[in-house]
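>>> The amino acid sequence is not available; the structure is as follows:
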């Protein structure tokens, strides 16, 4: 039951993304031939006007197929006959919808159950923060050179320091001060800590909730790129990387924990989908974004056949990567 709820939630994220492409294509006068949720063999389809709406077997993505997006067409409503600016607006709409959904979900969660702010509620005696002079009521504003907007920002910076000394800038009664301390590893929690508890904002108003939605989304984007740095440095473990199987398993666990946990994980995945799709790689939205920006800036049109060939190669690489990650999920499942 919980796995079904997780699959439905993931499917809704795909629908939101593809709806962004769909609605912007319609607004730009592009003929949309197919709107698909899922990949692979067709399970169900219904024709609505000029568009066929499909549900396919594999819940690993989706697509909007437009006339002229794969090859040339003489039809004035074909995607290939639109200006680079119009094509760019269609492509970028998908990731933007995922960012917007993430903001909305984080705002709903904040309104319903509150959030932890980077204001010190208490410190633990003889732990690094207390020894360095940090007290209850201090607002953490920076760790080393990184701005702290959310409690998770602070936790991430402490974690990525890996036990090395850090400089914490905090605000106390309008005055900024700095403390230098070294995080210690909690063997029970298996993570680095400094002995600080954040303050829970239990009943935020609408403005605070919406503001938190934007701040948390920005924070998550920052954390994602921090993880990419760790990954490219070879410091990430196999347990830090998962694919479709992991997403469904964690989504199921989140659904079992309650609707708010499922919404929180859905917001997280929505932001990740947006970030993944804007990576400038062939067959992804990011690849098209770079292409259309190039055409806008130079006024030169790239040959459609060359673009098609590059995208086919890119798609093949992505599918191969998906297979590898899925096999990893099965043989070496993420522990959580």
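Thanks, I have it. Quick caveat, the model's predicted, so the values are computed rather than measured.
>>> which residues does residue 225 contact?
Listed by CB atoms under 8 Å, 6 or more residues apart in numbering, the contact set of residue 225 is empty. In short, each C-beta sits where N, CA and C put it, glycine included.
>>> Tell me how many other residues surround residue 40.
12 (other CB atoms under 10 Å).
>>> Which strand or helix spans it?
Using DSSP states H and E, residue 40 sits within strand 32-48.
>>> Over to residue 9?
When elements are assigned from DSSP H and E, residue 9 belongs to helix 2-27.
>>> ok, now residue 292?
Assessed by DSSP H and E, residue 292 sits inside helix 285-298.
>>> Mind listing what's buried along that helix?
Buried residues in helix 285-298, counted by 16 or more other CB atoms under 10 Å: 285, 286, 287, 288, 289, 291, 292, 295.
>>> Confirm that residue 170 sits in a strand.
Yes: Residue 170 sits within a strand when classified using DSSP: H, G, I helix; E, B strand; the rest coil.
>>> Return the set of residues that bridge with it.
residue 140, residue 177 (DSSP bridges).
>>> Buried ones in stretch 139-149, by neighbour count?
By 16+ other CB under 10 Å, the buried positions in stretch 139-149 come out as 140, 142, 143, 148, 149.
>>> In TSV: those, plus distance to residue 118, secondary structure and pLDDT.
Putting those into TSV (distance: CB to CB, whole Å; DSSP: H, G, I helix; E, B strand; the rest coil; pLDDT from 0 to 100) gives the following:
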residue	distance to residue 118	secondary structure	pLDDT
140	4	strand	96
142	10	strand	95
143	10	strand	95
148	5	coil	93
149	7	coil	90
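>>> before we move on, back to that, tell me what angle the helix holding residue 292 forms with helix 2-27.
Per axes from the mean of the first three to the mean of the last three CA atoms, to 10 degrees, the angle that helix 285-298 makes with helix 2-27 is 20 degrees.
>>> angle of the next helix-or-strand element following helix 285-298 against helix 285-298?
Note on helix 285-298: by DSSP H and E, the next helix or strand toward the C-terminus is helix 304-331. With the same axes, to 10 degrees applied, the angle from helix 304-331 to helix 285-298 works out at 150 degrees.
>>> Start at 46, not 1
Noted, 46 is the first residue going forward, which turns the last one into helix 349-376.
>>> Nearest to residue 55 among the buried residues of helix 330-343?
Nearest to residue 55 among these is residue 330, at 18.2 Å by CB to CB.
>>> Could you report the neighbour count for residue 155?
The number of residues packed near residue 155 is 21, by other CB under 10 Å.
>>> mind listing what it touches?
246, 249, 253, 254, 257, 258, 261.
>>> What strand or helix carries it?
helix 129-158.
>>> Mind listing what's buried along that helix?
By 16+ other CB under 10 Å, the buried positions in helix 129-158 come out as 129, 131-156, 158.
>>> do stretch 177-184 as well
Residues of stretch 177-184 classed as buried: 177, 179, 183 (neighbour count, 16+ other CB under 10 Å).
>>> Return the member of those nearest to residue 122.
Nearest to residue 122 out of the buried residues of stretch 177-184 is residue 183 (CB to CB; 59.7 Å).
>>> Let me see the confidence value for the closest one.
Note on residue 183: pLDDT of 96.
>>> again, but for residue 103
77.
>>> and it, that's in a strand?
Yes: counting by three-state DSSP, residue 103 is found in a strand.
>>> isn't it right next to residue 82, touching?
No: at 10.4 Å, residue 103 and residue 82 do not qualify as touching, with contact defined as CB atoms under 8 Å.
>>> And the average pLDDT for stretch 106-114 is what?
Averaging pLDDT along stretch 106-114 gives 89.
>>> Between residue 103 and residue 82, which has more neighbouring residues?
Legend: neighbour count by other CB under 10 Å for residue 103 and residue 82, higher for residue 82 (21 against 12).
>>> measure that one to residue 55 for me?
For residue 82, the distance to residue 55 (CB to CB, to the nearest Å) stands at 10 Å.
>>> Can you work out which residues contact both of those two?
residue 104.
>>> the strands in the stretch 146-295 of the chain, which residues?
160-168, 184-188, 191-192, 211-217, 220-226, 229-231, 236-238, 241-246 (DSSP state E, counting those that start in this stretch).
>>> Give me the contact list for the shortest one.
Counting contacts by CB under 8 Å, 6+ apart, the residues outside strand 191-192 that touch it are 186, 198, 202.
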